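Engineer: pasted the sequence and its predicted model underneath.
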Amino acid sequence: VILTFDDGYEDFYVNVLPLLKQYQVKATIYIIYNSIGQTDYLTKEQIKELIDSGLVEIGSHCLDHYNLTALTSSSAYSQISGSKDKLEKDFSIKVKSFAYPYGAYSSSTIAMVKQAGYEAAVSILPGIKQSSNNLYSLYRLRSGGTTGNYLLNIFEKYKS
């Protein structure tokens, strides 16, 4: 199980980090680079503290939160690679994973994510089965009222 959070909102620092520390649980947060320091988003100092905790992996969620499939190839690649480069430079870290804004991706955006040097990318497709065949479109379960029922149905299916 991997806990993931998108966008880089400040409430992650305020509400989630204390729980991660209390329970010694790790998580990944996908940062929109050009939102750093804006109202309601994480600051560079807060991101540094997340990294220093040893509990939070920083992933990329583009420079801006654009639908990559609606951009030209060069703009999409700039969004994908630029955010990785800037996060790595600013925080002296290796950014290994990527989250597609709005969950929108295509075969060409997957190729760009690979070309930019990411090791994996997450989608918003619901599911729990992961394999090396979908490293650039990993499934996730979104929190909400139906997630618990979804998991119960899956566990019941595999229990028999």
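Structural biologist: Structure's in. What do you need?

Engineer: from here on, just use CA atoms for contacts and neighbour counts.
Structural biologist: Fine.

Engineer: what's across from the residue nearest the centre of the chain in the sheet?
Structural biologist: The C-alpha lying nearest the average C-alpha coordinate of the chain belongs to residue 30 (C-alpha atoms, centre = their mean; 3.5 Å). For residue 30, the beta-bridge partners are residue 6, residue 59 (DSSP bridges).

Engineer: these two touch, right, it and residue 59?
Structural biologist: Yes: counting by C-alpha atoms under 8 Å, residue 30 touches residue 59, with 4.4 Å between them.

Engineer: which residues are common contacts for these two?
Structural biologist: 98, 99 (C-alpha atoms under 8 Å, 6 or more residues apart in numbering).

Engineer: what about the helices in this protein?
Structural biologist: Assigned by DSSP state H, the helices in the chain fall at 10-11, 17-23, 44-53, 73-91, 107-115, 147-159.

Engineer: compare those helices and give me the one nearest residue 2.
Structural biologist: Closest to residue 2 of the helices of the chain, according to C-alpha to C-alpha: helix 17-23, at 12.3 Å.

Engineer: helices and strands around the closest one, which ones?
Structural biologist: Using 3 or more C-alpha pairs under 8 Å, 6 or more residues apart in numbering; DSSP states H and E, no helix or strand is in contact with helix 17-23.
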